[in-house]
Structure formats: C-alpha cells, structure tokens
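Student: Structure of the sequence below:
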Amino acid sequence: MKKLKLLILAGILVTISVLVTFHWVGYKAKGLTYNDVDRIPKNKVGLVLGASRLAPSGNINLFYKHRVDAAVALYKAGKIEYILVSGDNSRKDYDEPTDFKNDLIEKGIPAERIFLDYAGFRTLDSIVRAKEIFGQDSITIISQKFHNERAIYIAQHYGIDAIAYNAKDVFKRPAREYLARAKASLDLLFNVEPKFLGDKIAIK
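Tutor: Predicted structure coming up:
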C-alpha cells in the first residue's frame, strides 16, 4: 500500500510539473509571437522549423503547407530578407529542407535567398545551429504558435533575440506539446547540445 501511495504521489508531482512547465513556456513567449504580417518587426532571417511534407495518409501535411505560406508572406511583405530552413535529412529518402526549398522557389522566393540546415533534427538543434553555425543572434521563427512558443523559450536560454510569426494552425495545440515542453526544459537544465555543429555558414 505504501509503495502504491508513493507511485500515485510521484505521478501527481510529474503531472503538476508538466502543466506548470507548459504554461511557463507560454508565459515566456508572451508578446513575442505575431499573427499579423503587418505588425511583426523586420528581421534579416526567418527560421522555418522543419516538418514532413506529407502526412501519414499521403496527403500534404498542413503543418508543412502553412509554414511555407507563412515564410512566403513574410518575405513578400519585406519582413525578412533571407529564409533559413532547418529540418531533418537523416535518411537519403527523407529531406525536409530540400522539400521546403523547392516549394518556396515554386512560390516565387529566389533560390539565393534560401539557406538550408540539414541537421535540424529537433527544435533545440535548429535554434542553436541558427546562432552557432549561421551566425544569427536575432531571428524570426516561423511555425505554428504552440511550436513557436517553445522555440522562443529555447532561444531565450541561448541569448538569441527571437520573435515568431504564427503559421496557420491545423487544430488546437497537440497533446504531445505538453511533453515536448517538459523535455525542452530538461534539455536546457542539463545543457543538452545539438547532435551536430560544424563549420560556420554566412547568410549573405
């Protein structure tokens, strides 16, 4: 019985910690995410966080589509000069950055204004590499709001001046975002580093 009580208590504490962390991350990003392209401040670089082009059904992934549209809107409004796409390219048959680049070009973004980060395996990697590899201390993050809030939280930890433009959402915040925010906090607490760093790449 005592063991059961301890397990229940531990479960309650973990649940409370996850909920507190979730709301703390949102609080830290308050006032730094924008829905209106006319109101968002200008920045040199917009960082598009990666996503698979296709959903499991084989149809276009709407998270991906809306991020492409958001990046195009920012660029055409003159709110960013360059687009840095950071995503997963861990397999030969899976290349998020190149998929984004192809669709951005198709929508009128000049190829020379697009830079690719093939080692953006997760949000932390994308944010840290934007600073350490691509030399950006100030960025406009482009993703859905729930993701943008977590990305800003990570960016703040690394001394990056980050704002975000909210791509159209597909549905209200995914349940896994609760765990993603808790994991992000633990990563920062234990100074988890990106999987890869490497040579510097100038965006110009």
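Student: What are the neighbouring residues in contact with the residue nearest the centre of the chain?
Tutor: Closest to where the C-alpha atoms of the chain average out (Cα atoms, centre = their mean) is L49, at 4.1 Å. The neighbourhood of L49, defined by Cβ atoms under 8 Å, 6 or more residues apart in numbering, consists of R67, S86, G87, G120, T123, S126, I141, I142, S143, H147, A151. The way it works is simple: take the backbone N, C-alpha and C, and place the C-beta from them, glycine included.
Student: Need those in CSV (columns: neighbour count and secondary structure).
Tutor: Formatted as CSV, the contacts of L49 follow (neighbours: other Cβ atoms under 10 Å; DSSP: H, G, I helix; E, B strand; the rest coil):
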residue, neighbour count, secondary structure
R67, 25, helix
S86, 28, strand
G87, 27, coil
G120, 29, coil
T123, 24, helix
S126, 28, helix
I141, 32, strand
I142, 29, strand
S143, 28, strand
H147, 24, helix
A151, 28, helix
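Student: out of those residues, who's nearest L19?
Tutor: Checking the contacts of L49 against L19 with Cβ to Cβ, the nearest one is H147 at 18.6 Å.
Student: how close does the residue nearest to the centre of the chain get to A130?
Tutor: 10 Å (Cβ to Cβ, to the nearest Å).
Student: Between these two, which contacts overlap?
Tutor: Here L49 and A130 have S86 as joint contacts, going by Cβ under 8 Å, 6+ apart.
Student: if we can go back for a sec, any figure for the gap between the residue nearest to the centre of the chain and K65?
Tutor: Counting by Cβ to Cβ, the gap from L49 to K65 is 14 Å.
Student: Which stretches in the protein count as helices?
Tutor: 2-28, 62-76, 96-106, 123-132, 145-157, 176-189 (DSSP state H).
Student: out of the ones you listed, nearest to K42?
Tutor: Of all these, helix 62-76 comes closest under Cβ to Cβ, at 9.4 Å.
Student: Point out the other helices and strands that that closest one packs with.
Tutor: Other helices and strands packing on helix 62-76, by 3 or more Cβ pairs under 8 Å, 6 or more residues apart in numbering; DSSP states H and E, are strand 43-49, strand 80-86, helix 96-106, strand 138-144, strand 161-167.
Student: Compile the ones you listed into JSON lines and extend it with columns for mean pLDDT and distance to V72.
Tutor: Output for the helices and strands packed on helix 62-76, formatted as JSON lines (pLDDT from 0 to 100; distance: least, Cβ to Cβ, whole Å):
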{"stretch": "strand 43-49", "mean pLDDT": "99", "distance to V72": "10"}
{"stretch": "strand 80-86", "mean pLDDT": "98", "distance to V72": "9"}
{"stretch": "helix 96-106", "mean pLDDT": "98", "distance to V72": "7"}
{"stretch": "strand 138-144", "mean pLDDT": "98", "distance to V72": "10"}
{"stretch": "strand 161-167", "mean pLDDT": "98", "distance to V72": "11"}
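Student: That'll do, ta.
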